[in-house]
Structure formats: structure tokens, C-alpha cells
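Chemist: quick one: sequence and predicted model below, then my questions.
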Amino acid sequence: MSQRRTLIAGNWKMNGQKADGLALAKGVAEKLAGAKPNCDLLVCPPTTLVGLVAEAVKGSGLHVGGQDCHAKVSGAHTGDSSAAALADLGCTYVIVGHSERRTDHAESDAVVKAKAEAAIAAGLVAIVCIGETLAQRDAGQTIEVNRSQLVGSLPAGATAANTVIAYEPVWAIGTGRVATPAQAQEVHAAIRAELVKALGAEAAGAMRILYGGSMKPDNAKELLALPDVDGGLIGGASLKVADFWAIAESC
Ligand SMILES: O=C(CO)COP(=O)(O)O
């Protein structure tokens, strides 16, 4: 049996306002009150809702996370949020380096690494995202692109307790085109091998590597059963209680 506890994480992205966001979070928390799936459950609402959601699900066992944080603790960074402020609102995780942020905000590996380090310093678990584009996959660069993003984005002091890796092939995000089990396992195994080099076998063996990209109730079981897939980072399907819960029940 894997020593790694599966993590099912919902990335709501820029979706939800007070009423529907609260209903979604409370819906998941209520499910959790009735049954304990064989995984940790996390929702990452937009920053606007993080505080409200964290208050609403307090004590339920449902974890709450941010979708991004700044590398600095405070200062003149209009529109940004610090990891410490997210922790203060009740977050225990934060996603960094999502491909949408790498693209929309030109975030480099160095920026992602600094953000992950800030997250850890604030006591949060950093979920560090990496993944290749379709053009890179078609050019046979998948393993090298992921290796290089991982090495460049991995925070100093990373441990299995403070860092989670998320492999999200860009071509699978929001497209309905999910990676095949063979494609996912190949990259996850390569990530694990790189983690062994960077952190040693023990930490690498204990670190969770999530798959993200069109994970749905009908494909989750097969992906989550792969030896190096330790959970999911779920976009679209995390916006419906029934779908998110069905994925959690596939663990
Ligand atoms: O980007 C994702 C999660 O971070 C995946 O999104 P989808 O599940 O909508 O493809």
C-alpha cells in the first residue's frame, strides 16, 4: 500500500460568488460529515471567497486553499495576496505556478519557486504545478519540459509534508481531453525519479504527485489507481458537489 495519502483538490479558478461558492463548499463539507472518503479533500476558491468559505467549513475536515500567493510577506504589490494572509484566513494549502498563471501573468519557474518558498514559510502546503503544452508534447519534449519546470520551481526545503507536485498537461486542462493512464504514469514516474535526485528516495517516495486536466467522475478511478498518481487537481468537475464527491469516492 502506498504510504502517500491521496489528495483530491478542487481548483475553482475564477468561478463563484458568495451564494454559489458557499453552497458548493457547504455541500462538500456536508458530504464529508456523512462519510469519510479514503483521501484528503481540499477546495481552492477564488481569493474573494477564501475567508468566507474557510469560516463556513471550519471543523468539517475539508481543507481550504488559495490559488496563488505573492512571494513577499507584505508591501507595495497592488492586487496580490500574501501566503501569510491566506493562512490567517484559514487556508492550509496554496496552489502556485498553475499554467494559467504562468501564461496570464508570465510567471517563470523562479517566480513560482519563490512563491512556493513563501507559502512554506507561512506554514502552508505548496501545490507546485508543472506541465507541457501540446506543441511541446508533439515535439517529444514532454519529459524534459516537466523535468526542467520541476527543478526550477521546487522550493528550497521541500519535504513531503510541505510540498505537493501537480502534473497538469496544458492540453488536457478544460478540454475534456484527459491524459491516458499510460501518459500520466510515464510523466508521474519521471517526476518521482527527478524528486529522488533532488530530495533523496525517502522524501521523494512520500511526496504526493497529483494529476490535473479533465479529471472527471468517469475517468478518476483509473487515473487514481496508477502507482505514481497520488490524487487529482480538479477544475470543472470541482464546481459540482456530486462530481467532486464522486471523484473523492473513487480513491
Ligand atoms: O487546471 C485544472 C486544475 O487546476 C484542471 O482543470 P479541468 O479539470 O477543468 O480540466
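Modeler: Great, that's in hand.

Chemist: give the rounded mean pLDDT of stretch 132-139.
Modeler: In this model, stretch 132-139 has a mean pLDDT of 98.

Chemist: please state the offset of that stretch from the chain centre?
Modeler: 21 Å (Cα atoms, centre = their mean, to the nearest Å).

Chemist: can you give me the buried ones in it?
Modeler: Using 16 or more other Cβ atoms under 10 Å as the test for burial, stretch 132-139 gives 132-133, 136-137. Using the backbone N, CA and C atoms, a C-beta is placed for each residue, glycine as well.

Chemist: show me these that map onto helices.
Modeler: Counting by DSSP state H, the part of the buried residues of stretch 132-139 found in helices is 136-137.

Chemist: adding distance to residue 199, write the buried residues of stretch 132-139 out as TSV.
Modeler: Formatted as TSV, the buried residues of stretch 132-139 follow (distance: Cβ to Cβ, whole Å):
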residue	distance to residue 199
132	22
133	27
136	25
137	26
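
Chemist: how about the buried residues of stretch 132-139 in CSV, adding distance to the ligand?
Modeler: Output for those, formatted as CSV (distance: Cβ to the nearest ligand atom, whole Å):
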residue, distance to the ligand
132, 14
133, 13
136, 17
137, 16
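
Chemist: buried residues, the helix ranked longest in the chain. List them.
Modeler: Longest helix of the chain, by residue count under DSSP H: helix 181-199. Going by neighbour count (16+ other Cβ under 10 Å), the buried part of helix 181-199 is 184-192, 194-195, 199.

Chemist: what's the most distant pair in the buried residues of stretch 132-139?
Modeler: 133 and 137 (7.1 Å; Cβ to Cβ).

Chemist: and for these two, which residues touch both?
Modeler: Here residue 133 and residue 137 share the contacting residues residue 171, scored by Cβ atoms under 8 Å, 6 or more residues apart in numbering.

Chemist: what is the nearest of the buried residues of helix 181-199 to the ligand?
Modeler: Nearest to the ligand out of the buried residues of helix 181-199 is residue 184 (Cβ to the nearest ligand atom; 13.1 Å).

Chemist: where does the closest one land on pLDDT?
Modeler: 98.

Chemist: pretty sure it contacts residue 212?
Modeler: No. In this structure, residue 184 is not within contact of residue 212 by Cβ atoms under 8 Å, at 10.0 Å.

Chemist: what residues are shared contacts of those two?
Modeler: The contact sets of residue 184 and residue 212 overlap at residue 167 (Cβ under 8 Å, 6+ apart).

Chemist: make sure residue 14 is actually in contact with residue 46.
Modeler: Yes. The pair formed by residue 14 and residue 46 meets the contact definition of Cβ under 8 Å, at 5.5 Å.

Chemist: of these two, which one has the most company?
Modeler: Of the pair residue 14 and residue 46, residue 46 is the one with more neighbours under other Cβ atoms under 10 Å, namely 18 against 9.
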